[in-house]
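Trainee: Requesting a structural model of the entry that follows:
(chains A and B)
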Amino acid sequence: MKNKILVLGLVLALVAVMVMPMAVSAANPTSGNTTVQGSIGVTYTINVPTTIILGPFTTAQAYAATGKSITVSTNDPTQTTCGITVADSKTASKGFLTLAGADDAAKELTNALTVAGGDLGANYFPLSTDRTLKVSTTPIASANIADFAVSQTITSGDLTKAAGTYSLSMTFTATFSP
Amino acid sequence: MGLAFASSLKLVVREMRKLFIFVAIGALLGLLTTSPVMAADPYTYTITVPGFITLGTFIAAQAYSLTDQPITVSTDAPTQTTCGITVSDSKTASKGFLTLSGADDIAKELTNPLMVKGGDVVDYTPLTTDQILKASATLIAGTYNTDFAVSQTIASGDLTKAAGTYSLIMTFTATFSP
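Mentor: Numbers count the residues shown, from 1 in each chain, chains lettered A, B, ... in the order given. Okay, here's the model as predicted:
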């Protein structure tokens, strides 16, 4: 009887020995980490009409183009406000359409180009000085403008000036701020 | 008659007690013998993976890839002859997608999931599910090497997403077997 009991005890011990290596084997998985990364850069954009055509000028009157859109955007999460200005960079004939489009007071129209929209409202203002279409507003999307407009008043004297295309390049500037 | 029965019962109880003691001692001996095996497994199991995989700055809608990334698994355990390798992203909601913070955030993930290939995964496969790079590879001198590659397809919509570093942490797991 004692021998049987002893054998039984040994068998149990053997089973325990067999079970433990399985636990060791199960503990061998090992792991490592890799970080995959890539960056998206910061962009600032302003979309404006590329060309606004008013003519041809055939009579002494005001020629206008309305409902022009100006939109701004950025993916810079640190920027929350935006302001927009419009300017003519010429000096001697600043704000005036000229025959060549260059700075040439001798070949400019009688009246300055006028602009409206945004914070300017419905009233037209001469572009002979820089104009603020939007002061800094939050959120950035609120700086978008859908009612930008230009108006050119043609006098009878303009109709006898040298034939050709009179033009002016407006520069719109969006300024983003935190 | 009753006295003889009582005597026999006492004998049986005494023998059962001995049996219990022997079994307990046997089991205890088994545990004492095998516990050091668990605590002092002398073998090492390692997997070596790249710490970082940088895909650069995403500036165009195209695929950005990085290939020939080495993965090495090894052990000095003489009983281990094969290994399996898996790669996974432990995130849940945005599993397999690079995100702005690297955390689980669907709102800040790229349009397409990260694709991986290497080992048994011959073609680029989304990491939206765990990928088995090797089901069972034979260890040579305790070591196995394989190449690994990742590819991220950038959509045009990604380029206007919030600027910053988009990332994902891959976990490689090696399991060794006899």
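
Trainee: And the helices in chain B?
Mentor: Remark: helices assigned in chain B by DSSP state H are B:2-39.

Trainee: Spatially central, which residue of chain B would that be?
Mentor: Centroid-nearest residue in chain B, with CA atoms, centre = their mean: B:Thr173, separated by 3.0 Å.

Trainee: Now it: closest residue in space, sequence neighbours ignored.
Mentor: A:Ser31 (4.4 Å; CB to CB, 6 or more residues apart in numbering or on different chains). Heads up, the C-betas are built off the backbone N, CA and C, glycines and all.

Trainee: ok so, going back, hang on, isn't the residue nearest to the centre of chain B packed against B:Ser90?
Mentor: No - using CB atoms under 8 Å, B:Thr173 is not in contact with B:Ser90; the gap is 10.8 Å.

Trainee: Quick check: the residue nearest to A:Gly117 when sequence neighbours are not counted vs A:Lys68, distance?
Mentor: Residue nearest to A:Gly117 in three dimensions, not counting chain neighbours: A:Phe148, with 3.8 Å by CB to CB, 6+ apart. Applying CB to CB, to the nearest Å, the value for A:Phe148 to A:Lys68 is 4 Å.

Trainee: where do the contact lists of the two overlap?
Mentor: Residues touching both A:Phe148 and A:Lys68 (CB atoms under 8 Å, 6 or more residues apart in numbering or on different chains) are A:Pro49, A:Gly117.

Trainee: of those two, who's got more company?
Mentor: Between A:Phe148 and A:Lys68, counting by other CB atoms under 10 Å in any protein chain shown, A:Phe148 is the more crowded of the two (24 against 16).

Trainee: That one: what's it in contact with?
Mentor: By CB under 8 Å, 6+ apart, the neighbours of A:Phe148 are A:Pro49, A:Gly67, A:Lys68, A:Ser69, A:Ile70, A:Val86, A:Val115, A:Ala116, A:Gly117, A:Gly118, A:Leu133.

Trainee: Break down chain A into its helices, ranges please.
Mentor: Using DSSP H, helices in chain A cover A:2-26.

Trainee: Run through chain A and note the low-pLDDT ranges.
Mentor: A:1-27 (pLDDT under 70).

Trainee: Swap in 90 and give it another go.
Mentor: Applying pLDDT under 90 to chain A picks out residues A:1-29, A:55.

Trainee: and the strand ranked longest in it, is it in reach of chain B?
Mentor: Longest strand in chain A, counting residues (DSSP state E): strand A:62-74. Yes - Strand A:62-74 reaches chain B (CB under 8 Å from any CB of the partner chain) through A:Ser73.

Trainee: Could you list the paired strands of that strand along with their orientation?
Mentor: strand A:44-47 (antiparallel), strand A:145-153 (antiparallel) (DSSP bridges).

Trainee: right, and A:Lys68 touches A:Gly118 too?
Mentor: No - look at A:Lys68 against A:Gly118 with CB under 8 Å: they stay out of range, at 10.6 Å.

Trainee: joint contacts of these two?
Mentor: By CB under 8 Å, 6+ apart, the residues touching both A:Lys68 and A:Gly118 are A:Asp147, A:Phe148.

Trainee: Report how far apart the opening and closing residues of stretch A:92-112 are.
Mentor: 12 Å (CA to CA, to the nearest Å).

Trainee: in chain A, which spans are strands?
Mentor: Going by DSSP E, chain A shows strands at A:30-40, A:44-47, A:62-74, A:81-88, A:114-116, A:125-126, A:131-137, A:145-153, A:170-177.

Trainee: In TSV, list the ones you listed along with distance to A:Pro56.
Mentor: Listed next are the strands of chain A as TSV, based on distance: least, CB to CB, whole Å:
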stretch	distance to A:Pro56
strand A:30-40	47
strand A:44-47	28
strand A:62-74	9
strand A:81-88	22
strand A:114-116	19
strand A:125-126	22
strand A:131-137	26
strand A:145-153	12
strand A:170-177	20
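
Trainee: before we move on, back to that, point out the most buried one among the strands paired with strand A:62-74.
Mentor: strand A:145-153 (a mean of 19; mean count of other CB atoms under 10 Å in any protein chain shown).

Trainee: pLDDT below threshold where in chain B?
Mentor: Those would be B:1-42, if you go by pLDDT under 90 across chain B.

Trainee: In it, what residue spans correspond to strands?
Mentor: So, for chain B - with DSSP E - the strands run B:45-48, B:52-58, B:63-75, B:82-89, B:115-118, B:121-126, B:131-138, B:143-153, B:164-177.

Trainee: which helices and strands does the last one pack with?
Mentor: Contacts of strand B:164-177 with other secondary structure elements, assessed using 3 or more CB pairs under 8 Å, 6 or more residues apart in numbering or on different chains; DSSP states H and E, are made with strand A:30-40, strand B:45-48, strand B:63-75, strand B:82-89.

Trainee: go again using 10 Å as the cut-off
Mentor: helix A:2-26, strand A:30-40, strand B:45-48, strand B:52-58, strand B:63-75, strand B:82-89, strand B:131-138, strand B:143-153 (3 or more CB pairs under 10 Å, 6 or more residues apart in numbering or on different chains; DSSP states H and E).

Trainee: Fine by me, thanks again.
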